[in-house]
Every structure is written in structure tokens, then in C-alpha cells.
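> Predicted coordinates and the sequence they were generated for:
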Amino acid sequence: QVQLVESGGGVVQPGTSLRLSCAASGQTLTGWEIGWFRQAPGKEREFVAAINWSTYYSDSVRGRFTISKDNDKNTGYLQMDNLKPEDTAIYFCAISHRYGDIYSWESYEFWGQGTQVTVSS
């Protein structure tokens, strides 16, 4: 049974950093795409970043967020720097072996439960 567990969320001030982790069990991440999505209250789930043999970012986070993965630890990461209040959301990680539209949440097969990130002064 595949399980993804996110961690690392919290309440931080604008301009600071957080690193989210996505630990996978029941499935090796080698050869799988990892995506990070977020959902703010009253808004739809939106793409943040993804990684396969390359990396992909939304315009709103490019240059501030960095996605990576460690196959040995079977864990994906999202380093978030220079956080802004508009980054406040629940962040979800997901994995896919379909190699479909990497920007679409519908392409992902397994999801974590999410971790809350709140950026506020």
C-alpha cells in the first residue's frame, strides 16, 4: 500500500523559509514523478512544482521554491524561501508513474494528506 506523508509545515513570517518533506512508503520513488500542489481556502488546488528528470515550477514560485528528491531516503522535498502571505495554503505532495500532464493534479496517482503552511506577520 502506497503512503505519502508530508511534514515541515508551520506558521512563519514573510521572508523566511520552510522545507517540506514527502516521505513515501510502499513504493520506491525511483522513476516516479513527484508533484507539489497547494490549496488555499476557497480556491482550487493549484500546481506548485514537480520533478522527474527535470524540474517544473509555477510562475508564482519560480526562483523562490526548489523541488528535489532523495531516492535513497525515498523522500521528496520542497524548499520554500522568501515566503509570502499568498503562499499560505495546505501543501500536498503526489506521485505519478503515468508521465502525463505534470501540471495537472489529475495526472497523479497517489496523494499525501497535506501539511499547512501559514505565512503571516
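Sure, I can see it.
> Got the phi and psi for S107?
The phi/psi pair for S107 (degrees, to the nearest 10) reads phi -80, psi -10.
> Quick check, it in contact with H97.
No - at 10.1 Å, S107 does not count as touching H97 under the criterion of C-beta atoms under 8 Å. C-beta here means a position set from N, CA and C on the backbone, and glycine is covered the same way.
> who's more crowded, those two?
Higher neighbour count among S107 and H97: S107, with 16 against 12, using other C-beta atoms under 10 Å.
> which residues sit in contact with that one?
In this structure, S107 makes contact with G35, S96, R98, G100, D101, judged by C-beta atoms under 8 Å, 6 or more residues apart in numbering.
> Please tell me how far it sits from V11.
To V11, S107 is 31 Å away according to C-beta to C-beta, to the nearest Å.
> same question, Y56
Y56 is 28 Å from V11, by C-beta to C-beta.
> next one: G114
Going from G114 to V11 by C-beta to C-beta gives 15 Å.
> Would you mind telling me which of the two has the busier surroundings?
The residue with more neighbours, out of G114 and V11, is G114; 18 against 11, by other C-beta under 10 Å.
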